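Undergrad: what follows is a predicted structure for the sequence shown.
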Amino acid sequence: MRLISENGIGQALNAARTRKGLSKAELGRRLGISGAAISQWEAGGPGPSIPKFLQAALILEIDTQDEPFSKFVRDKLTSADEADPEVTKLFQSLGAATVYRDVAEPLRKKLEAMATPTPYFGKDTVKPAAGAPGFAEIQGFARDIPVLGRAIAGEEGNGDVSLNGTEIDRAIRPPGLAGAKGIFALYTSNDSMYPAWKENSLFYVNPNRRPSIGDDVVVEVISKEAGIPGSAFLKRLKKRGAGKVVVEQFNPPMEIEFDSDAVRLYRVIPWEEALGLS
C-alpha cells in the first residue's frame, strides 16, 4: 500500500491507520503503548521512535519508500538504532534495502546492510553429504523400526509371537530413540497388562540394555527344539535371583515364575524415554 503525504508524518500515519480500519486504541494496543500516544503522533507532537515507527509500518502496511516516511527515518535514525538487532529485523521484514538511496554513502551502506536478510541455512538450502543419514532419521520420526509381531500379555503357554526376526510392519522412530541401534517394536495382544498397557498397544524394545526390577519386559521362553524360537510375553519384572525370574501381570493380578536359564528378558522402553523426556 503506497500512502504519500506532504503534510507531515502525523497526518500520514493518521491516513494509514484510517485506511487500515484501526482505532487509535487498537493500534496502541498492538504497539504496546496507549491510544493517547498515537493521538500525539498524529497531532504533530513528538513522533514515534524508530522501532515503534517500523512496527507501526508493518501493522499499517506502510511503504517506507514514500514520503514523508522515508524522510522521517533519515532524520530520526540514530547510531543506537543502527546497532539495535530488533531494528535490523524490522528493516528486514519491511524489505527496505533501497529506501535510502539519497542519503550519505556511509549511512546508506549501513541501512542497506541492515535491510538485507541473513542467508538462511537449513535442510532446504544445504545439500547433505553423500551417504549421510536422512533428516528424519537424525531427528526421529523416520518409519524405520521393525515391528516383529505381537507379545501376548497372558499366561505362560498362551504366547503367540516368536521373536525370529520376521518383520510384519514398520513403526515410527520416536525422537528419544534417534540413532539407537537394534530397537524393535511389538504389539500387545490382550489386556492382561491393563492399565499399564491396553490391548493392541505398540511398544518399543531395547534388547541391548539389561532390564531392572520394575521395568516392563518381554519374556521370551527359550524353545527346547533347536532352530525353533519360543513364545514371548509382556510382563513387569518383579524379582530376579537364585536361578529364578519372577514377573507380574495386572489383569487378573498374578505372579509368574520362570527358571532364569529358560527365558530371555528384553527391556521395554518407557514412553518418556522414547519421547526424549527423560
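TA: On my side now, so go ahead.

Undergrad: the nearest residue to residue 176 once chain neighbours are set aside: what secondary structure?
TA: Among residues not flanking residue 176 along the chain, residue 276 sits closest, at 3.3 Å (Cβ to Cβ, 6 or more residues apart in numbering). Heads up, the C-betas are built off the backbone N, CA and C, glycines and all. Recorded secondary structure, residue 276: coil (DSSP: H, G, I helix; E, B strand; the rest coil).

Undergrad: give me the neighbour count for residue 276.
TA: A count of neighbours around residue 276, defined by other Cβ atoms under 10 Å, yields 12.

Undergrad: and residue 214, by the same measure?
TA: Residue 214 has 9 neighbouring residues, counting by other Cβ under 10 Å.

Undergrad: list the residues that contact it.
TA: Residue 214 sits next to 236-238 when contact means Cβ atoms under 8 Å, 6 or more residues apart in numbering.

Undergrad: next secondary structure after whichever strand or helix holds residue 70?
TA: Applying DSSP states H and E as the criterion places residue 70 in helix 69-76. Remark: after helix 69-76, the chain's next helix or strand is helix 79-82, criterion DSSP H and E.

Undergrad: next, the buried residues of that following helix.
TA: 81-82 (16 or more other Cβ atoms under 10 Å).

Undergrad: now the strands: where do they sit in the stretch 1-150 of the chain?
TA: 143-151 (DSSP state E, counting those that start in this stretch).

Undergrad: related to what we said a few turns ago, surely the residue nearest to residue 176 touches residue 173?
TA: No: Residue 276 lies out of contact with residue 173 (Cβ atoms under 8 Å); the separation is 11.2 Å.

Undergrad: buried ones in the helix holding residue 70, by neighbour count?
TA: Neighbour-count burial for helix 69-76 flags 69-70, 72-74 (criterion: 16+ other Cβ under 10 Å).

Undergrad: next one: stretch 36-45
TA: Buried-residue list, stretch 36-45, by 16+ other Cβ under 10 Å: 37-38, 40-42.

Undergrad: please flag which of these sit within helices.
TA: Judged by DSSP state H, the subset of the buried residues of stretch 36-45 located in helices is 37-38, 40-42.

Undergrad: so where do the helices sit in the protein?
TA: Counting by DSSP H, the helices of the chain are 9-20, 24-31, 35-42, 50-60, 69-76, 79-82, 85-94, 105-114, 135-139, 271-274.

Undergrad: weakest of these by average pLDDT?
TA: Note on these: helix 105-114 shows the lowest mean pLDDT, a mean of 53.

Undergrad: about what we covered before: and the buried residues of stretch 36-45, which two are furthest apart?
TA: Greatest spatial distance among those (Cβ to Cβ): 37 and 42, at 9.9 Å.

Undergrad: who's in contact with residue 14?
TA: residue 42.

Undergrad: mind checking how far it is from residue 27?
TA: Remark: distance between residue 14 and residue 27 (Cβ to Cβ, to the nearest Å) = 10 Å.

Undergrad: what do you get for residue 195?
TA: Distance, residue 195 to residue 27, using Cβ to Cβ: 54 Å.

Undergrad: neighbour count: these two, which is higher?
TA: Taking neighbours as other Cβ under 10 Å, residue 195 and residue 27 compare with residue 27 leading, 23 against 8.

Undergrad: and the gap between the more buried one and residue 17?
TA: With Cβ to Cβ as the criterion, residue 27 and residue 17 are 6 Å apart.

Undergrad: got any residues that touch both of those two?
TA: Common neighbours of residue 27 and residue 17 (Cβ under 8 Å, 6+ apart) are 38, 60.
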